[in-house]
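Trainee: Below: sequence and its predicted model.
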Amino acid sequence: MIIVMDGKTPEEKIKHVIKRVEDEGLKAHLSRGTEKIIIGVIGDERKIKIDQIKAIEGVEQVMPILKPYKLASREFKKEDTIIEIDDVTIGGKEIAVMAGPCAVEDEERILETAKAVKKAGAKILRGGAYKPRTGPYAFHGLGEEGLRYLARAREQTGLLIVTEVMDTRTVGLVAKYADILQIGTRNMQNYPLLREVGKIDKPVLLKRGMWATLDEFLLAAEYILSEGNRKVILCERGIRTFSNFTRNTLDLNIIPAIKKVSHLPIIVDPSHGTGRKDLVPAMSKASIAAGADGLILEVHKNPELAVSDADQTISTEEFAKLMKELKPVAEAVGRTL
Ligand code: PEP
Ligand code: MN
């Protein structure tokens with residue numbers, strides 16, 4: 001349920017409400033809007049005596065959240081969540097572009113790609129050091145060595161780093177190097193992992209499970225939020241389909257659908273969403289037109305040599321061209337790039 005309080009309520013009254021909630025063994029999540037203070041109550045709501053809470057000074061309304069996800073819902077928080085990392089914002093007016101190879105392959109290549117995507121206007125460098133691969137004999141990433149190369153690329157370019165974490169045991173290590181931790185499609189319902197990244201103070205990029213419904217996607221986000229981490233960025237990356245001309249079907253429907261029911265930012269991954277580099281430019285533009293807050297794109301200095309996902313990886317030159325083409329699309333929908 002949510003408890004709505006007047007924005008001018010004295011601090012001690014807010015603390016009092018939170019204490020009443022916590023004394024019953026429930027969790028209280030405070031959110032300060034411009035005019036109202038919202039306290040999200042998570043747990044067995046039957047323990048809360050609504051009439052008593054309503055009697056406390058400053059409390060205006062006590063109401064149930066009807067959606068299965070609570071903290072992720074617009075009922076809990078009306079304003080869009082804007083995540084700020086240094087001078088980059090995700091979820092505001094600016095379109096955030098994350099670009100880089102599927103996997104970190106070696107130091108020289110990641111540096112070359114980082115410099116090129118930075119020059120073209122990307123703000124965030126992507127690259128997997130821990131790679132989830134379909135088969136056990138494929139390249140699984142360089143591990144910590146790869147994280148070190150990413151950190152060096154950040155030092156040299158000023159780009160922020162987004163990279164995947166696959167295992168609860170490496171959350172601390174990945175968080176030491178990364179600015180944003182990525183949860184991949186296969187781990188969207190890995191609940192211990194979601195809880196673990198919910199305990200850290202770094203943004204999490206949560207990719208939609210390739211099978212996940214909208215509710216399942218937001219409930220996965222809820223796991224992270226409920227542990228205290230409010231910095232969740234959703235990512236549509238395509239869903240499994242009967243169609244066979246693409247790797248996945250990129251479900252752009254979910255962008256406006258999510259915006260309606262959730263305050264969380266959502267970006268799109270047209271590389272995995274299509275599996276085809278020739279479709280990436282059009283689907284990047286379509287994503288921004290549909291209201292996405294950003295893009296994550298696989299880009300390589302020489303895609304022919306990419307160790308993984310070469311088919312869906314665009315070259316640094318193609319990326320630079322695309323960035324120029326995206327600008328007027330962003331402006332047409334009131335965004336900046
Ligand atoms: C990736 O971004 O490299 C990746 C493995 O993506 P996904 O989890 O969406 O397949
Ligand atoms: Mn990939």
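Mentor: Alright, I've got the coordinates. Numbering: from 1, shown residues only. Ligands and ions are numbered 1, 2, ... in the order given.
Trainee: now residue 92, nearest residue through space, not along the chain?
Mentor: Leaving aside its chain neighbours, residue 92 sits nearest to residue 82 (4.4 Å; criterion: C-beta to C-beta, 6 or more residues apart in numbering). Quick note: C-beta positions are derived from backbone N, CA and C, even for glycine.
Trainee: pLDDT score for that neighbour?
Mentor: Residue 82 is assigned a predicted lDDT (pLDDT) of 98.
Trainee: so how many other residues sit close to it?
Mentor: For residue 82, the neighbour count with other C-beta atoms under 10 Å is 14.
Trainee: tell me which residues of the host helix or strand of residue 322 are tucked away?
Mentor: Counting by DSSP states H and E, the element that carries residue 322 is helix 316-332. Judged by neighbour count (16 or more other C-beta atoms under 10 Å), helix 316-332 contains these buried residues: 316, 318-320, 322-323, 326, 329-330.
Trainee: From these, pick the one nearest ligand 2.
Mentor: Comparing these against ligand 2 with C-beta to the ion picks out residue 319 as the nearest, at 15.2 Å.
Trainee: burial measure for the closest residue in space to the closest one that isn't next to it in sequence, as a count.
Mentor: Across the structure, with C-beta to C-beta, 6+ apart as the measure, the residue nearest residue 319 apart from its sequence neighbours is residue 299 (4.5 Å). Residue neighbour count, defined by other C-beta under 10 Å, stands at 33 for residue 299.
Trainee: so which helix or strand takes in residue 299?
Mentor: Residue 299 is part of strand 294-300, with elements assigned from DSSP H and E.
Trainee: Now do that strand: distance to the chain's middle.
Mentor: Its chain's C-alpha centre lies 14 Å from the corresponding centre of strand 294-300 when counted by C-alpha atoms, centre = their mean, to the nearest Å.
Trainee: So which elements touch it?
Mentor: Helices and strands touching strand 294-300, by 3 or more C-beta pairs under 8 Å, 6 or more residues apart in numbering; DSSP states H and E, are strand 96-100, helix 107-120, strand 124-126, strand 266-268, helix 270-274, helix 280-289, strand 314-315, helix 316-332.
Trainee: what sits against the residue nearest to residue 319?
Mentor: Contacts of residue 299 were listed using C-beta atoms under 8 Å, 6 or more residues apart in numbering, and they are 99-101, 113, 116-117, 313-316, 318-319.
Trainee: Take those residues and write them to CSV, including pLDDT.
Mentor: Formatted as CSV, the entries for the contacts of residue 299 read as follows, by pLDDT from 0 to 100:
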residue, pLDDT
99, 98
100, 98
101, 98
113, 98
116, 98
117, 98
313, 98
314, 98
315, 98
316, 98
318, 98
319, 98
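Trainee: Could you export those to a markdown table, including columns for distance to residue 334?
Mentor: Rendered in a markdown table, the data for those read as follows (distance: C-beta to C-beta, whole Å):
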| residue | distance to residue 334 |
| --- | --- |
| 99 | 23 |
| 100 | 28 |
| 101 | 32 |
| 113 | 31 |
| 116 | 29 |
| 117 | 25 |
| 313 | 30 |
| 314 | 26 |
| 315 | 30 |
| 316 | 29 |
| 318 | 26 |
| 319 | 24 |
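Trainee: Show me which of the residues you listed is closest to residue 234.
Mentor: Within the contacts of residue 299, the smallest distance to residue 234 is 18.5 Å, found for residue 99 (C-beta to C-beta).
Trainee: related to what we said a few turns ago, next, the angle helix 107-120 makes with the helix holding residue 322.
Mentor: Orientation check (axes from the mean of the first three to the mean of the last three C-alpha atoms, to 10 degrees): helix 316-332 against helix 107-120 gives 30 degrees.
Trainee: Point out the residues in the stretch 51-200 of the chain that sit beside ligand 2.
Mentor: Counting by C-beta under 5 Å from the ion, the stretch 51-200 of the chain comes close to ligand 2 at residue 102.
Trainee: gap between stretch 139-158 and the chain center?
Mentor: For stretch 139-158, the distance to the chain centre is 20 Å (C-alpha atoms, centre = their mean).
Trainee: Just give me the neighbour total for the closest residue to residue 297 other than its chain neighbours.
Mentor: Taking C-beta to C-beta, 6+ apart as the measure, residue 297 lies nearest to residue 99, with 4.8 Å between them; neighbours along the chain are not counted. Counted with other C-beta under 10 Å, residues neighbouring residue 99 total 31.
Trainee: Quick check, residue 99 in contact with residue 301.
Mentor: No - here residue 99 does not reach residue 301: they are 11.7 Å apart, not a contact under C-beta atoms under 8 Å.
Trainee: What's the local residue count around whatever residue of the stretch 51-200 of the chain ends up closest to ligand 1?
Mentor: Distances between the stretch 51-200 of the chain and ligand 1 by C-beta to the nearest ligand atom are smallest at residue 184, namely 3.0 Å. The criterion is other C-beta under 10 Å. On that basis, residue 184 has 23 neighbouring residues.
Trainee: wait, what's in contact with it?
Mentor: Applying C-beta under 8 Å, 6+ apart to residue 184 gives the contacts 132, 164, 166, 207.
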